[in-house]
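Novice: Everything below, folded, please.
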Amino acid sequence: MSYDSQIGGNAPPESKKFVMDMLRSMMRKGRGFADTVGGRLSITQVSVLNKSEEPSRVEGRVVAEITAQEDMLNGAGYVHGGCLMYLIDNCALLCLAIMDKDATLGFPGLSLAIDTVFHAPAGEGDRLRIVATTMAIGSRVKSARVEIWDAKRHRLVASGVEVKMDLPKSKM
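Specialist: Okay, the predicted model is just below:
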(Lines give C-alpha, C1' and ligand atoms only; values in the text may rest on other atoms or scores of the structure.)
Protein backbone atom coordinates (compact mmCIF):
# COMPACT_ATOMS: atom_id res chain seq x y z
CA MET A 1 0.00 0.00 0.00
CA SER A 2 1.36 3.42 -0.91
CA TYR A 3 0.55 5.84 1.89
CA ASP A 4 2.02 8.68 -0.17
CA SER A 5 -0.61 8.34 -2.90
CA GLN A 6 -3.58 7.86 -0.55
CA ILE A 7 -2.78 10.49 2.07
CA GLY A 8 -2.02 14.10 1.14
CA GLY A 9 0.60 16.28 2.73
CA ASN A 10 4.34 16.65 2.47
CA ALA A 11 5.41 14.15 5.13
CA PRO A 12 7.51 11.23 3.90
CA PRO A 13 5.71 7.92 3.27
CA GLU A 14 7.21 6.36 6.43
CA SER A 15 5.66 9.14 8.56
CA LYS A 16 2.27 8.60 6.92
CA LYS A 17 2.57 4.87 7.55
CA PHE A 18 3.52 5.51 11.19
CA VAL A 19 0.42 7.69 11.69
CA MET A 20 -1.81 4.97 10.20
CA ASP A 21 -0.11 2.29 12.31
CA MET A 22 -0.48 4.47 15.42
CA LEU A 23 -4.20 4.92 14.71
CA ARG A 24 -4.62 1.16 14.34
CA SER A 25 -2.65 0.47 17.53
CA MET A 26 -5.05 2.70 19.50
CA MET A 27 -7.98 0.52 18.47
CA ARG A 28 -8.59 -2.71 20.38
CA LYS A 29 -10.01 -4.76 17.52
CA GLY A 30 -13.50 -3.37 18.04
CA ARG A 31 -13.55 -4.08 21.78
CA GLY A 32 -12.03 -0.87 23.17
CA PHE A 33 -13.65 2.39 24.13
CA ALA A 34 -15.24 4.06 21.07
CA ASP A 35 -13.40 1.79 18.62
CA THR A 36 -16.33 1.98 16.23
CA VAL A 37 -15.80 5.74 16.07
CA GLY A 38 -12.00 5.70 15.90
CA GLY A 39 -12.08 2.97 13.28
CA ARG A 40 -14.02 5.28 10.94
CA LEU A 41 -11.46 8.10 11.07
CA SER A 42 -10.02 8.76 7.63
CA ILE A 43 -6.56 10.36 7.60
CA THR A 44 -6.44 12.77 4.66
CA GLN A 45 -3.22 14.69 5.27
CA VAL A 46 0.06 14.30 7.17
CA SER A 47 2.48 17.23 6.94
CA VAL A 48 5.53 18.78 8.52
CA LEU A 49 5.36 22.56 8.05
CA ASN A 50 7.35 25.62 9.05
CA LYS A 51 5.69 27.42 11.95
CA SER A 52 4.25 30.72 10.75
CA GLU A 53 5.17 32.42 14.04
CA GLU A 54 8.71 30.99 14.13
CA PRO A 55 9.91 29.93 10.66
CA SER A 56 13.05 28.26 12.03
CA ARG A 57 10.83 25.66 13.74
CA VAL A 58 8.52 23.04 12.29
CA GLU A 59 5.16 21.64 13.36
CA GLY A 60 3.37 18.40 12.64
CA ARG A 61 -0.11 18.54 11.14
CA VAL A 62 -2.62 15.74 10.68
CA VAL A 63 -6.00 16.22 9.04
CA ALA A 64 -8.69 13.57 9.44
CA GLU A 65 -12.35 13.29 8.52
CA ILE A 66 -15.31 11.37 9.85
CA THR A 67 -19.05 11.42 9.19
CA ALA A 68 -21.15 11.78 12.34
CA GLN A 69 -23.22 8.64 12.88
CA GLU A 70 -25.78 7.56 15.45
CA ASP A 71 -23.22 6.05 17.84
CA MET A 72 -21.63 9.52 18.20
CA LEU A 73 -24.82 11.40 19.16
CA ASN A 74 -26.27 12.56 22.45
CA GLY A 75 -29.97 12.54 23.35
CA ALA A 76 -30.55 15.82 21.50
CA GLY A 77 -29.25 14.34 18.24
CA TYR A 78 -25.92 16.20 18.20
CA VAL A 79 -22.39 14.82 18.41
CA HIS A 80 -21.75 14.22 22.11
CA GLY A 81 -19.12 16.39 23.80
CA GLY A 82 -17.37 13.26 25.07
CA CYS A 83 -17.11 11.98 21.51
CA LEU A 84 -15.64 15.29 20.35
CA MET A 85 -13.06 15.09 23.15
CA TYR A 86 -12.24 11.52 22.12
CA LEU A 87 -11.54 12.76 18.58
CA ILE A 88 -9.44 15.64 19.93
CA ASP A 89 -7.44 13.24 22.11
CA ASN A 90 -6.71 10.75 19.35
CA CYS A 91 -5.92 13.30 16.65
CA ALA A 92 -3.63 15.25 19.01
CA LEU A 93 -1.71 12.04 19.58
CA LEU A 94 -1.35 11.42 15.85
CA CYS A 95 0.15 14.82 15.08
CA LEU A 96 2.48 14.57 18.07
CA ALA A 97 3.64 11.13 16.95
CA ILE A 98 5.01 12.37 13.63
CA MET A 99 7.21 14.92 15.42
CA ASP A 100 8.34 12.77 18.35
CA LYS A 101 11.32 10.67 17.31
CA ASP A 102 10.88 8.50 20.42
CA ALA A 103 7.21 7.68 19.81
CA THR A 104 6.38 3.98 19.84
CA LEU A 105 3.26 2.17 18.75
CA GLY A 106 0.88 1.25 21.54
CA PHE A 107 2.46 3.65 24.08
CA PRO A 108 0.86 7.04 23.44
CA GLY A 109 1.73 8.61 26.79
CA LEU A 110 -0.52 10.07 29.44
CA SER A 111 -2.97 12.90 28.94
CA LEU A 112 -2.32 15.61 31.51
CA ALA A 113 -5.02 18.03 30.35
CA ILE A 114 -7.47 18.51 27.51
CA ASP A 115 -8.96 22.00 27.45
CA THR A 116 -11.98 21.98 25.16
CA VAL A 117 -14.38 24.61 23.85
CA PHE A 118 -17.63 23.60 22.13
CA HIS A 119 -18.52 26.22 19.50
CA ALA A 120 -21.44 24.83 17.46
CA PRO A 121 -23.45 21.61 17.24
CA ALA A 122 -22.95 18.93 14.60
CA GLY A 123 -25.63 16.40 13.78
CA GLU A 124 -25.95 12.99 12.22
CA GLY A 125 -24.60 12.89 8.68
CA ASP A 126 -22.40 15.96 9.12
CA ARG A 127 -18.87 15.51 7.77
CA LEU A 128 -16.35 16.58 10.39
CA ARG A 129 -12.86 17.75 9.40
CA ILE A 130 -10.34 17.48 12.22
CA VAL A 131 -7.14 19.53 12.03
CA ALA A 132 -4.47 18.68 14.61
CA THR A 133 -1.24 20.67 14.90
CA THR A 134 1.67 20.32 17.30
CA MET A 135 2.38 23.26 19.58
CA ALA A 136 5.47 22.17 21.52
CA ILE A 137 7.46 18.98 21.96
CA GLY A 138 9.67 18.82 25.03
CA SER A 139 11.74 15.99 26.45
CA ARG A 140 8.80 14.74 28.57
CA VAL A 141 5.79 16.97 27.89
CA LYS A 142 4.22 17.79 24.53
CA SER A 143 1.15 19.70 23.41
CA ALA A 144 -1.13 19.97 20.39
CA ARG A 145 -4.14 22.02 19.34
CA VAL A 146 -7.06 20.47 17.52
CA GLU A 147 -9.98 22.04 15.67
CA ILE A 148 -13.05 20.12 14.57
CA TRP A 149 -14.87 21.76 11.66
CA ASP A 150 -18.23 21.07 10.06
CA ALA A 151 -16.94 20.62 6.50
CA LYS A 152 -20.24 21.52 4.80
CA ARG A 153 -21.16 24.59 6.85
CA HIS A 154 -17.55 25.80 7.29
CA ARG A 155 -18.05 26.39 10.99
CA LEU A 156 -15.98 25.44 14.00
CA VAL A 157 -17.66 22.72 16.07
CA ALA A 158 -15.06 22.26 18.82
CA SER A 159 -11.47 23.12 19.59
CA GLY A 160 -9.05 21.79 22.13
CA VAL A 161 -5.53 21.93 23.44
CA GLU A 162 -4.07 18.72 24.83
CA VAL A 163 -0.98 18.33 26.97
CA LYS A 164 0.56 14.86 27.11
CA MET A 165 3.42 13.37 29.09
CA ASP A 166 5.59 10.43 28.11
CA LEU A 167 5.11 7.28 30.13
CA PRO A 168 7.81 6.94 32.78
CA LYS A 169 10.64 4.64 31.77
CA SER A 170 10.74 1.40 33.75
CA LYS A 171 13.67 1.14 36.16
CA MET A 172 13.78 -2.64 35.97
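
Novice: Excluding chain neighbours, what is closest to the most centrally placed residue in the chain?
Specialist: When CA atoms, centre = their mean is applied to the chain, the residue found nearest the centroid is Cys91 (0.5 Å). Closest residue to Cys91 apart from its sequence neighbours, by CB to CB, 6 or more residues apart in numbering: Ala132 at 4.0 Å. From N, CA and C alone the C-beta is placed, and that goes for glycine too.

Novice: isn't that neighbour right next to Ser143, touching?
Specialist: No - using CB atoms under 8 Å as the test, Ala132 is too far from Ser143 to be in contact (11.2 Å).

Novice: more crowded one of these two?
Specialist: Shown here are Ala132 and Ser143; by other CB atoms under 10 Å, Ala132 has more neighbours (25 against 17).

Novice: Which parts of this protein are helices?
Specialist: Counting by DSSP state H, one finds helices in the chain at the ranges 3-6, 13-26, 35-38, 81-99.

Novice: could those helices be laid out in JSON lines, adding mean pLDDT and distance to Ala151?
Specialist: Conversion of those to JSON lines gives the following (pLDDT from 0 to 100; distance: least, CB to CB, whole Å):
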{"stretch": "helix 3-6", "mean pLDDT": "65", "distance to Ala151": "19"}
{"stretch": "helix 13-26", "mean pLDDT": "84", "distance to Ala151": "20"}
{"stretch": "helix 35-38", "mean pLDDT": "82", "distance to Ala151": "17"}
{"stretch": "helix 81-99", "mean pLDDT": "92", "distance to Ala151": "14"}
